[in-house]
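J.: Give me the fold of what follows.
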Amino acid sequence: MVLARTEVGKSVRGRSVRGKSVRGNAARLGLMAGPVAFFAVFFAYPVVAIVGRGLQIDGVWQFGRIGEVLGRSAILRVLWFTTWQAFASTALTLLIALPGAYVFARFEFPGKRLLRAVVTVPFVLPTVVVGTAFLALLGRGGLLDELWGLRLDTTVWAILLAHVFFNYAVVVRTVGGLWSQLDPRQEEAARVLGAGRFAAWRRVTLPALGPAVAAAALMVFLFTFTSFGVVQILGGPTFATLEVEIYRQTAQLLDLSTAAVLTLVQFAAVGAVLAVHAWTVRRRESELRLVDPAQTARRPRGAGQWTLFGGVLATIALLILAPLGVLVERSLDGPGGYGFDYYRALTVLDEGGGAFLVPPIEAVWNSLRYAVVATAIALAVGGLAAAALTRRAGRLVRGFDALLMLPLGVSAVTVGFGFLITLDEPPLDLRASWILVPLAQALVGVPFVVRTMLPVLRAVDARLREAAAVLGASPLRVWREVDLPLVRRALLVAAGFAFAVSLGEFGATVFIARPDNPTLPVAVARLLGRPGELNYGQAMALSTILMLVCAVALLVLERIRIDRSSGEF
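T.: Okay, here's the model as predicted:
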């Protein structure tokens, strides 16, 4: 009798567990439905359509075009340059930024929060503004040219340094965020047992940091492999990445067949990078035991640490503050001396065949309006996606996670041009609608929302959700009353990053922004593309405005930043 009752109890518990599992899977699928639909309509459909148009003739796929395009010597040179400069940029970024990651992780000093925001500003700036800053520093008439007659624009060194400038924060945030949570007593114990300082770091700390370093390296490689604005401005006619070549083939030569092949190549490379990145992130989440960062940071001690601290400050001053400072200086250096002439010129419409149908200052208000709408879309889509990914599951969920990251690596040029040729018929006739720009910007913002909110959501005690469900709360009410209060600050951080990256989106927006409603990055690119001192000065002024807006957003983020690292950024 006792055995029979035990078996009955096991059966009841088994059915209960299976019931919970079924309900949990159903809830997860329900949460995934919205983001999947969004990405299917506004990402997969435009990309597949543009590739199909390039590789199809009379409805027949011409896969032979792939071999033909990849056999061209000019295309092979683009592929080679894209690959080796990405490796070189990644190695140089790690070499320069890892000491900074250590300083931000282990040292406590006045102004640390402000300095962390400053080093993050380049990452949220549009790449066209990054290129503009280095053009003002290294190009013709730039600071180095005026002081020593030295020009580095149209050289690979300008591109590599601009990539380090842009990606410095990726390493500092990703590696430094984890480094600050590693228990230093483990390394100290190794030194007590006789290991030297370097040996203890190599055998204890480095293996623990390995997944974070690998994740940072892969992200830097991803961003530099798909680099567009930086290479477009600094590379001149000599250097071109895949993304620049896709733009040239699409917008200038109208060769959709070649652009489609290059898009497939870039997609395959990015897919491989994201697969490795997902593996390193899973390793880091599952193997490490972390402590409160407040327990690990202290003031520098000894000559060695003060030298390292000074070296990092000098690097930040030369690599990050100097280009930003020159950008501001050039915006104020008008024909009649220093002043606000270029800023005042932004309020006037150039009726003599200018680059705009409206005064350039309108780009500021357009960008702010678009970014607010894009942020709302990114939070809605990314919040649902993060909630669906909260509980680790099988291949389906991991594939969904990878899908959310694809917009960061797949050609934004392809997405933008795909918008034009697909979203022009009912029921999605959006080509003349202003909403098209925020939709494209939201695609870039969603990955940042997910990466910021997901670690915090996974840290919420599952028993709180279970208790609310037992008391009769619906999944929506559980989210509203359990998860939301605990992740509110992470939600604000995610909103800030989504807003900043939406302001800076350029690759897709350059195709779909209307002449009477330009965004800031598009306006800067148009002004740089026109000769004349006035156009150059206005480009510097608009870039400075965008830089200041991004800096304010990041300072606000630092004030609400959660002590434990909330996401990779």
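J.: What count of nearby residues applies to residue 407?
T.: Residue 407 has 22 neighbouring residues, counting by other C-beta atoms under 10 Å. Backbone N, C-alpha and C define where each C-beta goes, glycine included.
J.: isn't residue 79 right up against residue 265?
T.: Yes: taking contacts as C-beta atoms under 8 Å, residue 79 lies within contact range of residue 265: 7.1 Å.
J.: Give me the distance between residue 219 and residue 340.
T.: To residue 340, residue 219 is 38 Å away according to C-beta to C-beta, to the nearest Å.
J.: who's more crowded, the two?
T.: residue 219 (25 against 12).
J.: That one and residue 494, how far apart?
T.: Residue 219 is 17 Å from residue 494, by C-beta to C-beta.
J.: One more: residue 161?
T.: For residue 161, the distance to residue 494 (C-beta to C-beta) stands at 30 Å.
J.: who has more neighbours, these two?
T.: residue 494 (31 against 23).
J.: Tell me the helices and strands packed up against the helix or strand containing the more buried one.
T.: Per DSSP states H and E: residue 494 is located in helix 484-504. Secondary-structure packing of helix 484-504 (3 or more C-beta pairs under 8 Å, 6 or more residues apart in numbering; DSSP states H and E): helix 112-124, helix 362-388, helix 436-459, helix 533-560.
J.: List the contacts of the helix or strand that that helix is followed by.
T.: For helix 484-504, the succeeding helix or strand toward the C-terminus, using DSSP H and E, is helix 509-512. Identification of contacts with helix 509-512 by C-beta atoms under 8 Å, 6 or more residues apart in numbering yields 251, 413, 416-417, 419-420, 431, 436-437, 440-441, 519, 521-522, 525.
J.: Can I have the buried ones of these as a PyMOL selection?
T.: Per 16 or more other C-beta atoms under 10 Å, the buried members of these correspond to this PyMOL selection:
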select buried, resi 413+416+417+419+436+437+440+441+519+521+522+525
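J.: so of the contacts of helix 509-512, which ones are in helices?
T.: The members of the contacts of helix 509-512 that map onto helices under DSSP state H are 413, 416-417, 419-420, 436-437, 440-441, 521-522, 525.
J.: In contact with the nearest residue to residue 528 once chain neighbours are set aside, which residues are there?
T.: Closest residue to residue 528 apart from its sequence neighbours, by C-beta to C-beta, 6 or more residues apart in numbering: residue 539 at 4.9 Å. For residue 539, the contact set (C-beta under 8 Å, 6+ apart) comprises 132, 524, 527-528.
J.: if we go to 6 Å?
T.: When contacts are counted by C-beta atoms under 6 Å, 6 or more residues apart in numbering, residue 539 touches 524, 527-528.
J.: I'd like the distance between residue 41 and residue 423.
T.: From residue 41 over to residue 423 the distance is 9 Å, taken as C-beta to C-beta.
J.: Between the two, point out the one with more neighbours.
T.: More crowded of residue 41 and residue 423, by other C-beta under 10 Å: residue 423, with 21 against 14.
J.: from what I can see the more buried one touches residue 430, true?
T.: Yes: at 4.4 Å, residue 423 and residue 430 qualify as touching, with contact defined as C-beta atoms under 6 Å.
J.: which ones are touching residue 247?
T.: Neighbours of residue 247 in contact, by C-beta under 6 Å, 6+ apart: residue 413.
J.: how close does it sit to residue 451?
T.: For residue 247 relative to residue 451 (C-beta to C-beta), the value is 27 Å.
J.: so residue 493 sits right up against residue 451, yeah?
T.: No: contact criterion C-beta under 6 Å: residue 493 and residue 451 do not qualify, at 10.6 Å.
J.: out of these two, which sits in the busier spot?
T.: residue 493 (25 against 22).
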